[in-house]
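In: Provide a 3D model corresponding to the input given below.
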Amino acid sequence: MADSINKTGDIGARCGWVTADPLYLDYHDHEWGVPEYDSRALWEKLVLDGFQAGLSWLTILRKRDNFRAAFDGFDPVRIASWGDAEVARCLADPGIVRHRGKIEAAIGNARAWIAMEEAGGFDRYLWDRVGGAPIQNRYPTQAEVPPQTPLSQEISKDLKRRGFRFCGPTIVYAFMEATGLVNDHIVTCPCHDKVAAMARG
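Out: Reported below is the predicted structural model:
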């Protein structure tokens, strides 16, 4: 699991997308942008970002523990073997986002993850795409942070070719930001330099 960072500064100094909601603040201060090197944890975050499509990330955060219980702790090896019974169980679970397409995509994404693990590792694949170290952006305002980039477009296209779903270029870029493949904390945010210092050299 990724390391965490201490809460620092007031909300006015933080990135523009975070609100005063305690759960959102905690996520921003402790998780978002922290480099994640664990392959399974990276896969979990991509799947959750897929579930977010059309919703707010705060909605997913509030349901994350329920998702982890419903999805066997996000063990892709177990989820890859799921069938109709497990899909029906999830569709009946009010604690998660009950969307058949997204649930079935998670199963397919688990199978795609296994194939990538056998080919060298999902984590290695992702970190190789950014040259082995986080891209360190220095945006002065939230308005300058792009919703997607040419690199997220390339990764999205390649992941789809490998069997992943709900991984469009905007979802992929949000995933890259969240898992520290890209440091998009704005420069005035107290977390920007702390996240940058966590990069493996």
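In: Could you report the neighbour count for Gly108?
Out: 15 (other CB atoms under 10 Å). C-beta here means a position set from N, CA and C on the backbone, and glycine is covered the same way.
In: mind checking how far it is from Trp17?
Out: 29 Å (CB to CB, to the nearest Å).
In: secondary structure element for the nearest residue to Phe166 once chain neighbours are set aside?
Out: Excluding its sequence neighbours, the residue lying closest to Phe166 (CB to CB, 6 or more residues apart in numbering) is Gly50, at 3.2 Å. If you go by DSSP states H and E, Gly50 is part of helix 39-52.
In: How far off centre is that helix?
Out: Centroid separation for helix 39-52 versus its chain: 5 Å, with CA atoms, centre = their mean, to the nearest Å.
In: which helices and strands sit right next to the very next helix or strand once past that helix?
Out: Counting by DSSP H and E, the element after helix 39-52 in chain order, helix or strand, is helix 57-70. If contacts are counted by 3 or more CB pairs under 8 Å, 6 or more residues apart in numbering; DSSP states H and E, helix 57-70 sits against helix 22-30, helix 39-52.
In: distance of the residue of the chain positioned farthest from its centre from Asp38?
Out: Largest separation from the mean C-alpha position in the chain: Ala85, at 26.8 Å (CA atoms, centre = their mean). Noted for Ala85: a distance of 29 Å to Asp38, by CB to CB.
In: and what of Gln136?
Out: 21 Å.
In: Ala196 too?
Out: As judged by CB to CB, Ala196 and Asp38 stand 20 Å apart.
In: Rounded mean pLDDT for the longest helix along the chain, please.
Out: Longest helix of the chain, by residue count under DSSP state H: helix 100-118. For helix 100-118, mean pLDDT is 98.
In: Same check on stretch 124-135?
Out: Here the average pLDDT along stretch 124-135 is 98.
In: and that stretch, how far apart are its ends?
Out: End-to-end distance of stretch 124-135 (CA to CA, to the nearest Å): 15 Å.
In: what about the chain, any weak spots by pLDDT?
Out: The model of the chain has pLDDT under 70 over residues 1-12, 201.
In: If we use 90, what do you get?
Out: 1-13, 199-201 (pLDDT under 90).
In: starting at the chain centroid, how far to stretch 25-32?
Out: 13 Å.
In: buried set for it?
Out: The neighbour-count check on stretch 25-32 (16 or more other CB atoms under 10 Å) flags 27-29, 31-32 as buried.
In: now swap in stretch 124-143 and tell me
Out: 125-127, 129, 134-135, 137, 139.
In: for stretch 91-98, same thing?
Out: 93, 96-97.
In: try stretch 193-201
Out: Buried-residue list, stretch 193-201, by 16+ other CB under 10 Å: 194-196, 198.
In: Tell me the one among the residues you listed nearest to Gly120.
Out: Closest approach to Gly120 among the buried residues of stretch 193-201 (CB to CB): Met198, at 23.9 Å.
In: Next up, phi/psi of the closest one, please.
Out: The phi/psi pair for Met198 (degrees, to the nearest 10) reads phi -80, psi -10.
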